[in-house]
Structure formats: structure tokens, C-alpha cells
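> this one's structure only:
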């Protein structure tokens, strides 16, 4: 008995089809903008769309690498807060780190929407 492939949804490209230019900029931008909510959105977007667009793969990796750096910063602040920093200084540092992440995420989103690659001012290249 032979299996027939499932019928395609009307007007929808196959699931693994390459992304067009608008979709590429949209998902690459959202990978950067997802940094507002830390690592999860960028990681999910990168994992889902990396095979469908080289630009999303490249920008998603950059966004995830930067968010890993932010996560490391949060852990360091948390440990320092638990050991010797007063709570208000810990809160201030967490807020400052979030604001830095917010600013760079928005800059990445805007650059990608213009069709340009974005480079974070500082990051770790853990995912290559």
C-alpha cells in the first residue's frame, strides 16, 4: 500500500519552503526583537526558520548569542546579589541589563528591517 503525501493547504507554500524577502526580514527582525523577552523567542525563531533562510540563520544566531551573554550577566548579578550586593543595587543592575538588551534588540530589529545585517557591540560567539 503506497502512501500519498498530504494535500497542500490552498495558497500556502510547503512547510520547508524557502522564505521570501519579506518573511526573511520579518523573522530575522523578530529574532532580534524577541530579546526583549530574553532568550526564548530568538532561540525558537532561529531553530524553526534557520533551514529556510540563510539570513534568518545568521541573524538568529547573533540574537541568541547576545541573549546568552545577557543570561550570563543575569546569573552573575543574581549570585552577587545573593552573596554581597544589596537588593536595590541588584535590582538596579538587572534593570540596566534589561534596558541594554532592549536597546540593542530594537537596533537589531530596525537594521534587519532595512535589509542590513546587525552586529551587536559586544557578544559571545557560542553558537557558530
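Perfect, I can see it now. A quick note: this is a predicted structure, and the numbers were derived from the prediction, not measured.
> which residue is nearest the centroid of the chain?
Nearest to the mean C-alpha position of the chain, counting by Cα atoms, centre = their mean, stands residue 42 at 2.6 Å.
> So for the strand or helix carrying it, what gets flagged as buried?
Residue 42 belongs to helix 39-49 when assigned by DSSP states H and E. By neighbour count on 16 or more other Cβ atoms under 10 Å, the buried set for helix 39-49 is 39, 41, 42, 43, 45, 46, 49. Bear in mind the C-beta positions are built from the backbone N, C-alpha and C, glycine included.
> With stretch 111-122 instead?
Quick answer for stretch 111-122 (16+ other Cβ under 10 Å): 111, 112, 118, 120.
> Which one of the residues you listed is nearest to residue 31?
Ranked by distance to residue 31 (Cβ to Cβ), the buried residues of stretch 111-122 are led by residue 112 at 8.2 Å.
> quick one: residue 127 and residue 66 touch, right?
No - with contact defined as Cβ atoms under 8 Å, residue 127 does not count as touching residue 66 (10.6 Å).
> Name the residue in those two with the higher neighbour count.
Taking other Cβ atoms under 10 Å, residue 127 and residue 66 do not tie; residue 66 has more neighbours (26 against 12).
> Please tell me how far that one sits from residue 103.
Separation of residue 66 from residue 103 (Cβ to Cβ, to the nearest Å): 12 Å.
> what does residue 34 give?
Distance, residue 34 to residue 103, by Cβ to Cβ: 15 Å.
> Have a look at those two and say which one is more surrounded.
Set side by side, residue 34 and residue 103 show more neighbours around residue 34, with 24 against 11, by other Cβ under 10 Å.
> Relative to residue 40, how far out is that one?
To residue 40, residue 34 is 7 Å away according to Cβ to Cβ.
> just how off-centre is the longest helix belonging to the chain within its chain?
Across the chain, the longest stretch assigned as helix under DSSP state H is helix 54-83. Averaged C-alpha coordinates place helix 54-83 at 10 Å from its chain's average position (Cα atoms, centre = their mean, to the nearest Å).
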